[in-house]
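>>> When you get a sec, could you give me coordinates for this:
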Amino acid sequence: MASWIAAATSFSLPAVDTGKLRGRALVAVGLGCASIIGRNLLRSARTPAFGCLRISTTPNPIVKEAVQTDKAPLALGPYSQAIKTSNLLFVSGVLGLVPETGKFISETVEEQTEQVLKNMGMILEASGASYSSVVKTTIMLADLKDFKKVNEIYAKFFPAPAPARSTFQVAALPMDARVEIECTAVLPQ
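Below you'll find the predicted structure:
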């Protein structure tokens with residue numbers, strides 16, 4: 001206890017009497033961050049050393065909720081179609097599968113892209129989001145030569161300003177897909 005008070009004092013932090021808190025709740029006391037600057041650096045520094053002390057009497061768990069809709073293809077493995085947490089939605093990679101059959105709509109990248117984005121729209125809708133709330137997408141292509149074809153279809157779905165985006169050519173995609181797209185959206189409050 002004395003060492004914590006000494007540490008708090010040396011970092012210009014208020015001392016905490018944990019004895020008063022002990023009876024109320026489990027207290028997690030820790031030095032969250034600290035910067036100790038050597039004597040020579042301290043003399044030349046314009047800002048003094050800083051310290052942060054965090055004391056919490058209530059847990060702050062991360063709450064996540066799986067999103068599931070029959071209007072989009074089921075996940076092909078042990079993952080969710082999407083996850084809601086706080087005000088964010090993370091949509092897993094989506095393929096151009098027809099939800100009712102579990103088969104690709106066709107072999108062309110154009111039709112697969114169109115179906116991918118329709119499927120993504122169903123997941124967004126089931127989550128309370130829309131294409132306009134998407135802030136980031138990642139496109140994975142079996143062949144980067146399909147970039148222009150995918151762009152033409154992609155542009156029809158996302159209103160301005162378009163989301164931030166990354167596009168990669170990958171060695172292979174599940175079920176020999178031509179395209180897979182994942183996204184992150186901001187949920188309305």
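>>> Name the helix or strand of this protein that has the lowest mean pLDDT.
strand 28-34 (a mean of 38; mean pLDDT, DSSP states H and E).
>>> Go ahead and confirm Lys149 touches Glu111.
No. Counting by CB atoms under 8 Å, Glu111 is not a contact partner of Lys149; they are 10.4 Å apart. Every residue, glycine included, has its C-beta placed from N, CA and C.
>>> Which parts of this protein are helices?
2-10, 18-22, 39-44, 109-126, 147-157 (DSSP state H).
>>> Wait, Val150 touches Val179, no?
Yes. Assessed by CB under 8 Å, Val150 is found in contact with Val179 at 6.1 Å.
>>> so who does Asp143 touch?
Residues near Asp143 by CB atoms under 8 Å, 6 or more residues apart in numbering: Val109, Gln169, Arg178.
>>> can you count the residues close to the first one?
So that's Val109. 22 (other CB atoms under 10 Å).
>>> ditto for the second one
Gln169 has 13 neighbours, counted by other CB under 10 Å.
>>> Can you list the low-confidence ranges for the protein?
The model of the chain has pLDDT under 70 over residues 1-60.
>>> cutoff 90 now
Judged against pLDDT under 90, the low-scoring parts of the chain cover residues 1-62, 76, 188-189.
>>> any chance of the contacts of Asp143 in JSON lines, plus distance to Ile139?
Output for these, formatted as JSON lines (distance: CB to CB, whole Å):
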{"residue": "Val109", "distance to Ile139": "11"}
{"residue": "Gln169", "distance to Ile139": "10"}
{"residue": "Arg178", "distance to Ile139": "11"}
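>>> Now stretch 170-179: buried residues?
Within stretch 170-179, the residues that count as buried by 16 or more other CB atoms under 10 Å are Leu173, Ala177, Arg178, Val179.
>>> do you know how far the third one is from Val170?
To tie it back to what came earlier, the one meant is Arg178. 11 Å (CB to CB, to the nearest Å).
>>> still on that earlier bit, which residues do Val150 and Val179 both contact?
When contacts are counted by CB under 8 Å, 6+ apart, Val150 and Val179 are jointly contacted by Val109, Thr113, Ile139, Leu141.
>>> Counting neighbours, which of those residues comes out on top?
When neighbours are counted by other CB under 10 Å, Thr113 leads the shared contacts of Val150 and Val179 with 27 neighbours.
>>> Excluding sequence neighbours, find me the nearest residue to it.
Ile153 (4.5 Å; CB to CB, 6 or more residues apart in numbering).
>>> ok, that neighbour - how many residues close by?
Residues within reach of Ile153, counting by other CB under 10 Å, total 18.
>>> ok, now which ones touch it?
Per CB under 8 Å, 6+ apart, neighbours of Ile153: Glu110, Thr113, Glu114, Leu117.
>>> Out of these, which is nearest to Asn87?
Proximity of the contacts of Ile153 to Asn87 (CB to CB) peaks at Leu117, which lies at 22.9 Å.
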